[in-house]
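> All I have is the shape, not the residue letters:
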């Protein structure tokens, strides 16, 4: 029996603040902030929660009331502030008892209940990863009904979303500005918010929005993080281009798929995980395949791509076990398998790589059930597709080499590897500590649902090993992606599966 290998693949949103029982002075109001939470965990792998908001002296919230004659609005100024919670008071305006109010932050004297202005232009980030600029215009809204004592306690909800951009700096530089450009869907720059329906109506849109930076100095190898407050909008069909401008006139650019952005959420674009700073899929050039050092204990180097694949993200050719010519057949029967007696169509007539499997009616047993086969468990060089097509030193990996890759490398799944639009298995050379990025040595495995010619299997990566195990006519073993390279099902040598070569230094 032969071995093939398959490899597989998932943040919940928790309430960040719970209301406390707060004693409220008569005629006063206590406001609480609901923080942003990280979302879309498969993409936003390195997001953290932006949960703290500090009320400061001078902050004002607007309270709107739809009176019988005309809409009324008044500003309530902070009375007692702090992180996330604050008391507000107004010396000139008393709340009515048992009355519905609409609260908005920050206060805008020109706002109306059905048309509060939102402006996302002109944001300026002061420090690496800073959020002070978000606090300055952290649009929040709530509605509440006062009690008999004309008091209220309520929680604001965020009107906006946050786009977080992060990457490992490719060089020492002073950062001046970040531009986010959309090639399909316009980005909302200004809008109005209806407090009664919670609908946002864009009033100004364009293909680009900017975040100014306060000449932030970043060293090569440091992680840079930018936070951009944005209107909730559906950018899931857009391709986003991120351009970072340096003060010396240079730029750094990468691309990413967009998001369906929902208010109150953080969406992260990690430049290291979109292929932005690593051309050629982590290889030195586009002359594939390359032998990649992933730190295997025996010195085995792994090919950057499957046999027959022009690039690492492609599947390459699906070959039967022992097939060496690079032509993919639509179907392989026992009758046209490489190692069969002529005019036979049954596994019992395999004439090479015969093991003592107790199949006594097969040709590798004599009439008295004595094993007379060749006993070969491992592909010879002339039957190894990697050796024949790539040359000396290259081969299909053995079971041990696959086990070493499973045990000594770091496995993960990247949903939009190198901006190709699909999930890919990525295997990194293990680090002692620190975050992995695509500037680190790695290989990528395209995901597929099954071996060709086999109706079962789960989403994962399949590739042959050069060894046989168990009865020869049964399917070969592979590794499941659900557990990142754990042992899994079996595939027959007549199925067509990808080949991922390895390179071993010749002695």
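Arrived safely. A quick note: this is a predicted structure, and the numbers were derived from the prediction, not measured. Numbers count the residues shown, from 1 in each chain.

> now for the strand or helix carrying residue 101, which elements pack on it?
Taking DSSP states H and E as the definition, one finds residue 101 inside strand 100-105. Counting contacts by 3 or more CB pairs under 8 Å, 6 or more residues apart in numbering; DSSP states H and E, the secondary-structure elements packed against strand 100-105 are strand 29-33, strand 60-66, strand 140-145, strand 152-158. Just so you know, the C-beta spots here come from the backbone N, C-alpha and C atoms, and that holds for glycine as well.

> Comparing these, which comes out most buried?
Greatest average neighbour count among the helices and strands packed on strand 100-105 goes to strand 29-33 (a mean of 23), per mean count of other CB atoms under 10 Å.

> how much space between residue 335 and residue 343?
When distances are taken as CB to CB, to the nearest Å, residue 335 and residue 343 turn out to be 8 Å apart.

> now do residue 359
Per CB to CB, residue 359 is found 20 Å from residue 343.

> Comparing those two, which shows the higher neighbour count?
Each of residue 359 and residue 343 has its neighbours counted (other CB atoms under 10 Å); residue 359 has more, 20 against 7.

> pretty sure the more buried one is in contact with residue 371, am I right?
No: in this structure residue 359 lies outside contact range of residue 371 using CB atoms under 8 Å: 10.0 Å.

> Common neighbours of these two, please.
Between them, residue 359 and residue 371 share the neighbouring residues residue 365, with contact defined by CB atoms under 8 Å, 6 or more residues apart in numbering.

> Off-centre distance for stretch 348-360?
Per CA atoms, centre = their mean, to the nearest Å, the displacement of stretch 348-360 from the mean C-alpha position of its chain is 46 Å.

> Repeat that for stretch 387-401.
The chain centroid and the centroid of stretch 387-401 are separated by 32 Å under CA atoms, centre = their mean.

> buried stuff in that stretch?
Within stretch 387-401, the residues that count as buried by 16 or more other CB atoms under 10 Å are 387, 388, 389, 390, 394, 395, 396, 397, 398, 399, 401.

> Stretch 344-358 too?
347, 348, 349, 350, 351, 353, 354, 355, 357.

> and which of those residues is nearest residue 270?
Taking CB to CB as the measure, residue 353 is the one of the buried residues of stretch 344-358 closest to residue 270, at 45.6 Å.

> these two touch, right, the closest one and residue 376?
Yes: between residue 353 and residue 376 a contact is recorded at 4.8 Å, counting by CB under 8 Å.

> quick revisit: need the next SSE after the strand holding residue 101, C-terminal direction.
Scanning onward from strand 100-105 (DSSP H and E), the first element met is strand 116-119.

> In a markdown table, list the helices and strands packed on strand 100-105 along with distance to residue 110.
What follows is the helices and strands packed on strand 100-105, written out as a markdown table (distance: least, CB to CB, whole Å):
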| stretch | distance to residue 110 |
| --- | --- |
| strand 29-33 | 21 |
| strand 60-66 | 10 |
| strand 140-145 | 16 |
| strand 152-158 | 20 |
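
> Just put those strands in JSON lines and tack on mean pLDDT and distance to residue 248.
What follows is the helices and strands packed on strand 100-105, written out as JSON lines (pLDDT from 0 to 100; distance: least, CB to CB, whole Å):
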{"stretch": "strand 29-33", "mean pLDDT": "60", "distance to residue 248": "39"}
{"stretch": "strand 60-66", "mean pLDDT": "84", "distance to residue 248": "41"}
{"stretch": "strand 140-145", "mean pLDDT": "88", "distance to residue 248": "39"}
{"stretch": "strand 152-158", "mean pLDDT": "83", "distance to residue 248": "37"}
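
> Which residue ranges make up each domain of the chain?
Segmentation of the chain into domains, based on automatic domain parsing, reads 34-273, 281-503.

> so how far is residue 465 from residue 398?
When distances are taken as CB to CB, residue 398 and residue 465 turn out to be 6 Å apart.

> returning to what we had before: kindly report which one of the domains of the chain carries the lowest mean pLDDT.
Ranked by mean pLDDT, those end with domain 281-503 in last place, scoring a mean of 77.
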